[in-house]
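# Any chance you could fold what I've pasted below:
(chains A and B)
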Amino acid sequence: MNASKALEKTLVASPERKLEADADLAVVRQVQAGDVAAFDRLIGKYRERVLGIVYNMTSNREDAADLAQDAFIKAFQSIHRFQGQSSFFTWLYRIAVNSTLSHLRKNRLRSFFSLESIREDDPVSRELVDALTDKTGVGRESFVRELQEKLNDAMQKLSIKHRTVVTLFEIDGLSHQEIAEVMDCSVGTVRSRLHYAKQLLQAELQPFLR
Amino acid sequence: MKDTDPKITLENLLRFKRAERPPPEFWARFESEIRAKQLAAIVVRRPWWDGIFAAVYRNHLPFGAAAALALTWVGVHYVGAPSQAERAAPARTAESPAPGNVPAPIAQVAASPVLVQDKADIDAPRTAPSRQALAAAIPSHITQAPAASQSESISGMPFADGIAASLADFRATDSDLAKRDVFGSDREFEAAVATARQPAAEPLAQVDPSGERLERLLAPALPAYSSSGSRSLVSDRMKQKASDDRMYESMDRYGAGGMSLEFRF
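Below is the predicted model:
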């Protein structure tokens, strides 16, 4: 039962997402009607997620900040074209992903990594670090740093499209259907890319797996 | 690493990346920057074609139909519409010769305020002339052509007007030639050319073979022309050269290397 629910969640968007999309559409209508300040609500709602996607695709926090801002500005400039046929966040994600892809293609040879700090108050990361090591203090911090660098290295070894799929699915939690909409490809393509990317990551991160 | 800990999968590791978040102060800077960019986006005027695209999107117009409509509009406004000169030219040919009978574009140039102003600057002491007087005062076929061609019945074509104007201008500048035909006659041409012609003379016949200069020039090539002193020197040099040539030729044709002998033809 749980497995089928989980599978369904990976395939299609959840009902919560649909409610969320309706609420977003109401705000978008306000902005289209001339209430520019209403767009700030959308920025506040999605800024962390958009920044997270761009950051995990670029592994550079400065570039990620610029690209996330540009994505919001592009969305603001062309919000009069938004028809509501897809959800706002899918549309916004598509803008952000496309901007990031074009940025990565332009700067293919230039890659500077500047990593964000790990939030210690995050229960997932704390549990994970606890499970991986029993060190405390400086040893623990250096281990976390090493793990972070290894993860980013492994992600950067993927192609841009594979990295995008992994980011959207594993880190941001989008369904296959939503990723297909964002990346403008079929669900089958999303699945095959995800499968291939996971195989590569598994090989890269083998020392940390057990 | 502890051995008793639960299994760590790739998904667990990737979830670790969710905890990578910027510090709270980052968001203050992010807010201010995005606000500035948003303000710039509002203030900066969008390009005119953005409005067209917006209209296409808003009204669900197919791109093909929109492109066809745009091309038609461009065709009607820029290609199909006759220019001012084209509009003026048929009007002039249809009606009787206007005062001055000036071709339309030229008349526009002659009557333009810029030209009138320039001419007025040149003729500053005098009183400002009228446009017709100015047009008549310009010494070119532009203004003289109509007067010269008034008596002739021109077909009314612009090219015929231009040729007539050029001819009248030519007649006015050079009256002697203008009395004759434009290109003169064949007999006049022959007579003029015949005086300029010289009888054909063989260049070698004019050369004095006994001249000292000739002897000096021909000496290296023809031993017969060389003087007695230099003749022996030249013949010796030629003999030497011939023997050298023969020797090199023989060396080229026969080659011996090791146990083989080569002949070249």
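# residue nearest the centroid of chain A?
residue A:53 (2.8 Å; CA atoms, centre = their mean).
# Please work out which residue of the stretch 1-150 of chain B is closest to chain A.
Relative to chain A, the nearest point of the stretch 1-150 of chain B is residue B:19 (3.5 Å; CB to the nearest CB). C-betas here are computed from N, CA, C, even on glycine.
# and the gap between the residue nearest to the centre of chain A and residue B:170?
81 Å (CB to CB, to the nearest Å).
# tell me the mean pLDDT for stretch A:68-80?
Here stretch A:68-80 scores 92 as its mean pLDDT.
# does chain B sit close to it?
Yes. Against chain B, stretch A:68-80 shows contacts by CB under 8 Å from any CB of the partner chain at A:68, A:69, A:70, A:72, A:73, A:76, A:77, A:80.
# The fifth one: neighbour count?
So that's residue A:73. By the measure other CB atoms under 10 Å in any protein chain shown, the count of residues near residue A:73 is 17.
# Leaving out sequence neighbours, find the closest residue to it.
residue B:37 (4.9 Å; CB to CB, 6 or more residues apart in numbering or on different chains).
# And the pLDDT for that neighbour?
87.
# contacting residues for it?
Residue B:37 sits next to A:69, A:70, A:73 when contact means CB atoms under 8 Å, 6 or more residues apart in numbering or on different chains.
# Same question for the strand or helix carrying it: list its buried residues.
Using DSSP states H and E, residue B:37 sits in helix B:24-43. The neighbour-count check on helix B:24-43 (16 or more other CB atoms under 10 Å in any protein chain shown) flags B:30, B:34, B:37, B:38 as buried.
# do stretch A:146-165 as well
A:147-148, A:151-152, A:154-155, A:158, A:160-165.
# Do me a favour and get the end-to-end distance for it?
24 Å (CA to CA, to the nearest Å).
# hmm, back to that, which of the residues of stretch A:68-80 next to chain B fall in strands?
The strands, defined by DSSP state E, take in nothing from the residues of stretch A:68-80 next to chain B.
# Buried among those? Make that a ChimeraX selection.
Selection of buried members from these for ChimeraX, criterion 16+ other CB under 10 Å:
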select /A:68,69,70,72,73,76
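# which residues sit in contact with residue A:76?
A:31, A:39, B:38, B:41.
# Likewise for residue A:198?
So residue A:198 contacts A:166, B:10 (CB under 8 Å, 6+ apart).
# That one and residue A:191: what is the separation?
Residue A:198 is 11 Å from residue A:191, by CB to CB.
# what's the answer for residue B:12, then?
21 Å.
# How about residue A:20?
On the measure of CB to CB, residue A:20 and residue A:191 end up 24 Å apart.
# Out of the buried residues of stretch A:146-165, give me the two with the largest separation.
A:147 and A:161 (25.0 Å; CB to CB).
# what pLDDT does residue 208 get?
Going with chain A. Residue A:208 is given a pLDDT of 80.
# Chain B, not that one
pLDDT, residue B:208: 58.
# Then the one 4 residues further on?
In this prediction, residue B:212 carries a pLDDT score of 70.
# What is the neighbour count of it?
9.
# Domain boundaries for chain B, per the record?
Segmentation of chain B into domains, based on automatic domain parsing, reads B:18-71, B:130-195, B:211-263.
# is chain B contacted by stretch A:47-54?
Yes. Shown here: stretch A:47-54 in contact with chain B (CB under 8 Å from any CB) through A:47, A:48, A:51, A:52.
# Cross the residues of stretch A:68-80 next to chain B against helices and list the overlap.
Of the positions in the residues of stretch A:68-80 next to chain B, A:68, A:69, A:70, A:72, A:73, A:76, A:77 sit in helices, assigned by DSSP state H.
# can you map out the helices along chain A?
Using DSSP H, helices in chain A cover A:2-11, A:15-32, A:38-58, A:61-77, A:88-106, A:123-132, A:138-157, A:160-166, A:176-183, A:187-204.
# Of those, which is nearest residue B:70?
helix A:61-77 (22.9 Å).
# could you dump the closest one to CSV, C-alpha only?
Output of helix A:61-77 as CSV, limited to C-alpha atoms (Å, rounded to 0.1, in the frame of the first residue of the first chain):
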residue,chain,number,x,y,z
ARG,A,61,26.5,29.9,-4.7
GLU,A,62,27.2,33.2,-6.4
ASP,A,63,26.1,32.0,-9.8
ALA,A,64,23.1,30.4,-8.2
ALA,A,65,22.0,33.6,-6.5
ASP,A,66,22.3,35.5,-9.8
LEU,A,67,20.5,32.9,-11.8
ALA,A,68,17.7,32.5,-9.3
GLN,A,69,17.2,36.3,-9.3
ASP,A,70,17.2,36.3,-13.1
ALA,A,71,14.7,33.6,-13.2
PHE,A,72,12.3,35.6,-11.0
ILE,A,73,12.8,38.7,-13.1
LYS,A,74,12.2,36.8,-16.3
ALA,A,75,9.0,35.3,-14.8
PHE,A,76,8.0,38.8,-13.7
GLN,A,77,8.6,40.3,-17.1
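# what residue ranges in the stretch 51-200 of chain B score low on pLDDT?
B:51, B:53-61, B:80-159, B:174-200 (pLDDT under 70).
# residues contacting the nearest residue to residue A:101 once chain neighbours are set aside?
Leaving aside its sequence neighbours, residue A:101 sits nearest to residue A:160 (CB to CB, 6+ apart; 5.9 Å). By CB under 8 Å, 6+ apart, the contact list for residue A:160 reads A:57, A:101, A:104, A:105.
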